[in-house]
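Novice: would you be able to build a 3D model of this:
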Amino acid sequence: MLARVGSERRTERRRKGEKSLGLGPEERLADGLRRMAIAQAELAIEAIEGCTPASTGHAVHEARKAIKRLRTIVRLLEGELGSAACEREQATLRSAAAALAGARDAEVMLATLDGLIAENPRRLAGRRGVRRLREHLTAGREEAELLACRPAVRISAAGELRAFTGRAHAWRLAEGPGLGSVEEGLRRIYREGRSRRLRAVRGKGGRTRAMHQWRKRVKDLRYAAEVLERRELRGRGSRARRARAAAEEKWLHRLAGRADELGELLGEEHDLAVLGEWLRTDGGHAVVRRGTRRQLEKLISKRRSELRRKALRDGKALYSRSPRDFMDRVRRACARTAPKLS
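Specialist: Got it, this is the predicted structure:
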């Protein structure tokens with residue numbers, strides 16, 4: 001009995017490992033990219049097809065996360081697959097994500113309000129208008145979840161992802177050394193993230209939009225670093241080589257972690273901006289009276305300012321290297337963690 005349970009757990013861990021980002025100990029980059037793309041599409045399909053009214057929030061969250069990882073993988077491969085093929089894949093993935101967007105947006109609006117209440121309990125928790133607003137957003141979330149769970153929506157989204165999976169199986173990716181097929185895409189992701197940070201600093205094109213556009217490339221940087229991480233470095237080469245490989249793996253892991261933390265800051269700032277904008281529209285006016293609305297807008301503005309300052313400071317450190325220096329650093333990390341394959 002215990003042996004069977006242990007075997008089942010090992011099988012489950014192996015299954016999760018096969019579907020996670022990151023390269024296997026002896027896996028070629030091209031093989032890993034194809035495997036990860038297919039695995040993320042399958043994860044999204046599983047979440048969508050397993051969606052029930054009781055699990056919609058979790059299912060939508062998991063599916064959208066998998067689709068975001070997929071979009072980063074496609075962006076990394078633009079130099080390899082070509083811009084036309086990548087745009088087709090991005091359009092497919094956008095379409096699949098759009099079917100789930102309503103449920104996600106409704107969940108985020110409610111979670112953002114709850115976060116504000118938790119941070120300002122004395123000012124907000126006892127207000128009748130805030131309670132009425134929360135009831136309104138809760139009802140909106142439930143309605144959006146029911147819509148996302150409709151068979152037609154799930155069939156359409158899963159169908160888009162299956163089409164993507166079929167094409168991913170047929171990818172012919174270069175087997176060259178080093179970063180090979182992802183070098184051009186990774187350079188573009190980092191360079192665009194760096195330039196979008198500067199646009200956010202200057203507020204060009206509107207501060208809210210600039211911060212949101214920057215967040216997209218920060219998320220790409222996080223997932224790209226996770227893609228390039230190599231799992232299970234034990235037992236390969238001399239002790240010195242293993243130590244160097246482990247150090248480089250830690251650098252990639254820290255890069256992913258720092259990008260993730262920055263992405264969370266930018267995500268919270270954007271979610272607050274969306275809630276604040278809704279409060280200023282007719283929809284917000286119909287639900288929230290002026291006194292409560294002003295109090296919420298004041299707290300939203302204060303919190304957004306705090307998040308922007310921290311994000312811009314952390315972003316300056318994350319993007320401190322020039323694109324050339326960054327790519328040299330990543331090449332060195334990947335060269336030292338790569339297996340010696342014949």
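Novice: what's the domain layout of the chain?
Specialist: Domain ranges of the chain: 28-126+144-168, 194-226+238-336, per automatic domain parsing.
Novice: between those domains, which one is nearest to Arg187?
Specialist: domain 194-226+238-336 (5.5 Å; Cβ to Cβ). For the C-beta atoms, the positions are set from N, CA and C on the backbone; glycine is no exception.
Novice: what's the span of the closest one, first residue to last?
Specialist: 26 Å (Cα to Cα, to the nearest Å).
Novice: and for stretch 48-60?
Specialist: 7 Å.
Novice: cool, stretch 318-325 as well?
Specialist: OK, stretch 318-325 end separation, Cα to Cα: 13 Å.
Novice: of all the domains of the chain, which one comes closest to Glu135?
Specialist: domain 194-226+238-336 (9.2 Å).
Novice: pLDDT (mean, whole number) over that closest one?
Specialist: Per-residue pLDDT over domain 194-226+238-336 has a mean of 92.
Novice: Gly57: which element?
Specialist: helix 56-76 (DSSP states H and E).
Novice: who does the next helix-or-strand element following that helix touch, helix- and strand-wise?
Specialist: The helix or strand immediately downstream of helix 56-76 is helix 78-81, counting by DSSP H and E. Helix 78-81 is packed against helix 183-202, with contacts defined by 3 or more Cβ pairs under 8 Å, 6 or more residues apart in numbering; DSSP states H and E.
Novice: quick one: residues in contact with the helix it packs on.
Specialist: Contact with helix 183-202 is made by 72, 75-80, 179, 205, 207, 210-211, 213-214, 217-218, 220-221, 224, 308, 311-312, 315-316, 319, 323, 326-327, 330, as judged by Cβ atoms under 8 Å, 6 or more residues apart in numbering.
Novice: at 6 Å instead, please
Specialist: Helix 183-202 is contacted by residues 75-79, 210-211, 213-214, 217-218, 220-221, 224, 312, 315, 319, 323, 326-327 when judged by Cβ atoms under 6 Å, 6 or more residues apart in numbering.
Novice: may I see the buried residues of that helix?
Specialist: By 16 or more other Cβ atoms under 10 Å, the buried positions in helix 183-202 come out as 183, 185-194, 196-197, 199-200.
Novice: cool, stretch 297-316 as well?
Specialist: Buried residues in stretch 297-316, counted by 16+ other Cβ under 10 Å: Glu297, Leu299, Ile300, Arg303, Arg304, Leu307, Arg308, Ala311, Leu312, Asp314, Gly315.
Novice: also stretch 37-46?
Specialist: Ala37, Ile38, Ala39, Gln40, Ala41, Glu42, Leu43, Ala44, Ile45, Glu46.
Novice: export these to CSV and append columns for distance to Glu89.
Specialist: Output for the buried residues of stretch 37-46, formatted as CSV (distance: Cβ to Cβ, whole Å):
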residue, distance to Glu89
Ala37, 9
Ile38, 13
Ala39, 16
Gln40, 12
Ala41, 10
Glu42, 16
Leu43, 17
Ala44, 14
Ile45, 16
Glu46, 20
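Novice: for the spatially closest residue to Leu133 that is not a sequence neighbour, give its distance to Arg134.
Specialist: Leaving out its chain neighbours, the residue that sits closest to Leu133 by Cβ to Cβ, 6 or more residues apart in numbering is Val288, at 5.3 Å. Going from Val288 to Arg134 by Cβ to Cβ, to the nearest Å gives 11 Å.
Novice: which of those two has more neighbours?
Specialist: Val288 (22 against 15; other Cβ atoms under 10 Å).
Novice: quick check: that one touching Arg132?
Specialist: No - look at Val288 against Arg132 with Cβ atoms under 6 Å: they stay out of range, at 7.5 Å.
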